[in-house]
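Trainee: Generate coordinates for the sequence data below:
(chains A and B)
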Amino acid sequence: MNRVPLPEEPYLNPKWAEPIRIHFDKVSVEFETAAGPMRVIDDVSFEVSNGEFVSIIGPSGCGKTTLMNIVGGFVKPTTGRVLLDGRPVAAPGPDRGVIFQEYGVFPWLTVRQNIEFGLKLEANRKPAAERTAIANRYMGLMGLTDFADHFPKHLSGGMRQRLAIARAYAVKPQFLLMDEPFGALDAQTRSAMQDLLLHVLESEGKTVLLITHSVDEAIYLSSRIVVVTARPARVRKIIEVPFGYPRTPHTQEEPRFVALRTEIRELVMEEYAAQARQRVPATD
Amino acid sequence: MVYGTFDLLPAQAPRRHRFVMARDSLPARVLLVLAPWVLIVAFWYGVRASGFVNPALVPAPHDVAAKFVELMRQRLALDIWMSTQRVFVGVALGVTVSVPVGFCLGWYKGLRTFIDPVINFFRALPPIALIPLVIVYFGIGEVAKTVILFYASFFAGVIVMYEGIAQISPIYVRVARTLGANDLEIFGKVIVPLTIPHILTAVRVALGVAWATLVASELIAAQQGLGALIQNASSFFQLDIIYVGIICIGLIALTMDLALRAATRRLVAWQDRLA
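Mentor: Got it, this is the predicted structure:
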């Protein structure tokens, strides 16, 4: 196989000489099941620096979502801890915008009301005029302006996901946590959403943690990729993506992109094979 | 780089049911709504004219209509009022209690495991079967009827409520938390809106059950009400009055259901499937 060799990168690229924002510190999670405790996360440690876009990739059902749920504040690690700006995660909060695969747009609110939802809460209340301005801005950015007064039942899957992103952005989170956000979308919509996300990130500058099982998506969007093993999830390898931003669809045709894709795909496929040998069925 | 990426996304227009456009004109709709009723009345006349049934046993529709007008000047208005008001009180009490109880059962899964069999036991008992007991304990006055109707609407409502609440996806609560909502805000801004459609369904189901139960209880012990009207008429073999009573019950139930559906459409326009 004719592969372009990848430079061996240090654990933390000096390019990211930025403060560490998210720190997974020897995190392990065990769930109680009928058959006894089951370890889903095993001694995971890695860091995400300010402004970084880190993807976690691994076989489905390996515990990736649990990693995100810990940062989100929905799951407590059994041992170890996750630090946000040096402080352990205690509960969910508006500093972390979470985008779920199933969108979670509120069906009883219109597009505009969905985006303004967070701005009417005590935690980040804004006066009406400001709310309207923020909603207008993100509806414009996400191409939802024409649908401001429509209920989500009238929106396509891609539009609902854009609405979920707009709503998360409206409360100005420091972090964006995305759990397979484009998994349910068709290939074209997905690709357009990826470009839109990159575009929005360019102007908004967030620290992003993305859970995905798409190798292409991980390389195209991230600055670093954490490959995790089949359950229990361990860090298999952390890979530096050798492209700067902005990225264009042409990035995906570069030889280095193709080589990286081959490498990561092989790693992930090995883990899928390892998972297939496990007797306990996947849970998530 | 082209950044207008969302231009590439399918901008799906709101779904409209294009196939109903043709029947959307008002006269066409009135005709469609009336057609089955015209057929029923025609069938009614047909049965009378056919000779298969003794015409003395089947009062003609116009006779029933005349009887209706005549009765409206006497006791019918009071009967309708009594029956309707009993249903309203029973359903209002039953649903008021069943909403919080059903909500708790739906929300706290642990509670359900041991309360569920109890609820199903009582729900399986037809309220009519309890009438003799109710008469023993509450007599034959208004209280007795309220108790039966409360019982009927409570158990109908509680099942609808808790099955609906149990189906609410926890994702909305999670999303609200990540946006910074506190417990009170989650209740008021997420759980309440998600509960309203189930309350409306509970009212609809409770109304249906309550009407069926009401007439049965009035047949047994009442001076006024549509059930009593029918019961008295049957003692004197006044078939036309029986028909008037039955049609009134049907019409009132239909009117209530239509009103409730209209309210549902207004209150929960966001729902995917509307009643």
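Trainee: check contacts around residue 268.
Mentor: The chain I'm using is chain A. A:57-59, A:213, A:215, A:227 (CB atoms under 8 Å, 6 or more residues apart in numbering or on different chains). Placement of C-beta: from N, CA and C, glycine included.
Trainee: hm, I was asking about chain B
Mentor: Contact partners of residue B:268, counting by CB under 8 Å, 6+ apart, are A:108, B:196-197, B:200, B:274.
Trainee: Flag the least confident of those.
Mentor: Across these, no position has a lower pLDDT than residue B:274, which has 51.
Trainee: re earlier: make CSV out of the contacts of residue A:268 and add secondary structure.
Mentor: Below are the contacts of residue A:268 laid out as CSV (DSSP: H, G, I helix; E, B strand; the rest coil):
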residue, secondary structure
A:57, strand
A:58, coil
A:59, coil
A:213, coil
A:215, helix
A:227, strand
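Trainee: Now narrow the residues you listed to whatever sits close to chain B.
Mentor: Checking the contacts of residue A:268 against chain B by CB under 8 Å from any CB of the partner chain, not one of them is in range.
Trainee: TSV for those residues, including pLDDT?
Mentor: Putting these into TSV (pLDDT from 0 to 100) gives the following:
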residue	pLDDT
A:57	93
A:58	88
A:59	86
A:213	86
A:215	92
A:227	93
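Trainee: could I get those as TSV with neighbour count?
Mentor: Formatted as TSV, the entries for those read as follows, by neighbours: other CB atoms under 10 Å in any protein chain shown:
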residue	neighbour count
A:57	27
A:58	27
A:59	23
A:213	18
A:215	22
A:227	22
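Trainee: for those, which one is nearest chain B?
Mentor: Distances from chain B to the contacts of residue A:268, taken as CB to the nearest CB, are shortest for residue A:213 (19.8 Å).
Trainee: Skipping its backbone neighbours, what lies nearest that closest one in space?
Mentor: What sits nearest to residue A:213 in space, not counting adjacent residues and going by CB to CB, 6 or more residues apart in numbering or on different chains, is residue A:60, at 5.4 Å.
Trainee: Please apply the same query to residue B:44.
Mentor: Closest residue to residue B:44 apart from its sequence neighbours, by CB to CB, 6+ apart: residue B:61 at 5.4 Å.
Trainee: Check the contact between the one you found and residue B:42; I expect there is one.
Mentor: No - with contact taken as CB atoms under 8 Å, residue B:61 and residue B:42 are classed as non-touching, separated by 9.4 Å.
Trainee: what's the least confident helix or strand in chain B, going by average pLDDT?
Mentor: Among the secondary structure pieces of chain B, namely its helices and strands, helix B:109-124 has the lowest mean (mean pLDDT, DSSP states H and E), a mean of 85.
Trainee: which residues are contacting it?
Mentor: Residues external to helix B:109-124 that are found in contact with it (CB under 8 Å, 6+ apart): B:104-106, B:151, B:155-156, B:158-159, B:162, B:166.
Trainee: Can I have the buried ones of the residues you listed as a PyMOL selection?
Mentor: Selection command for PyMOL covering only the buried members of these, criterion 16 or more other CB atoms under 10 Å in any protein chain shown:
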select buried, chain B and resi 104+105+106+151+155+156+158+159+162
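Trainee: Could you provide the contacts of helix B:109-124 in TSV, with additional columns for pLDDT?
Mentor: Supplementary listing: those in TSV, determined by pLDDT from 0 to 100:
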residue	pLDDT
B:104	88
B:105	88
B:106	85
B:151	92
B:155	91
B:156	89
B:158	91
B:159	89
B:162	86
B:166	86
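Trainee: Tell me which two of the contacts of helix B:109-124 sit farthest apart.
Mentor: Farthest-apart pair in the contacts of helix B:109-124 is B:151 and B:166; separation 23.0 Å (CB to CB).
Trainee: May I have the phi/psi pair for the residue nearest to residue B:44?
Mentor: Main-chain torsions, residue B:61, degrees, to the nearest 10: phi -50, psi -40.
Trainee: and what of residue A:65?
Mentor: Dihedral angles of residue A:65 (phi, psi; degrees, to the nearest 10) stand at phi -60, psi -40.
Trainee: just residue B:181 next, same as before
Mentor: With angles defined as degrees, to the nearest 10, residue B:181 shows backbone torsions of phi -70, psi 140.
Trainee: Is it in contact with residue B:189, as I believe?
Mentor: Yes - between residue B:181 and residue B:189 there is a contact under CB under 8 Å: 6.7 Å.
Trainee: Tell me the residues that contact both of the two, please.
Mentor: Jointly contacting residue B:181 and residue B:189 under the rule CB under 8 Å, 6+ apart are residue A:121.
Trainee: pLDDT below threshold where in chain B?
Mentor: Counting by pLDDT under 70, chain B contains low-confidence residues at B:1-24, B:273-275.
Trainee: Which helix or strand contains the residue nearest the centre of chain A?
Mentor: Ranked by distance to the mean C-alpha position of chain A (CA atoms, centre = their mean), the top residue is residue A:210 at 1.9 Å. Element membership for residue A:210 (DSSP states H and E) is strand A:207-212.
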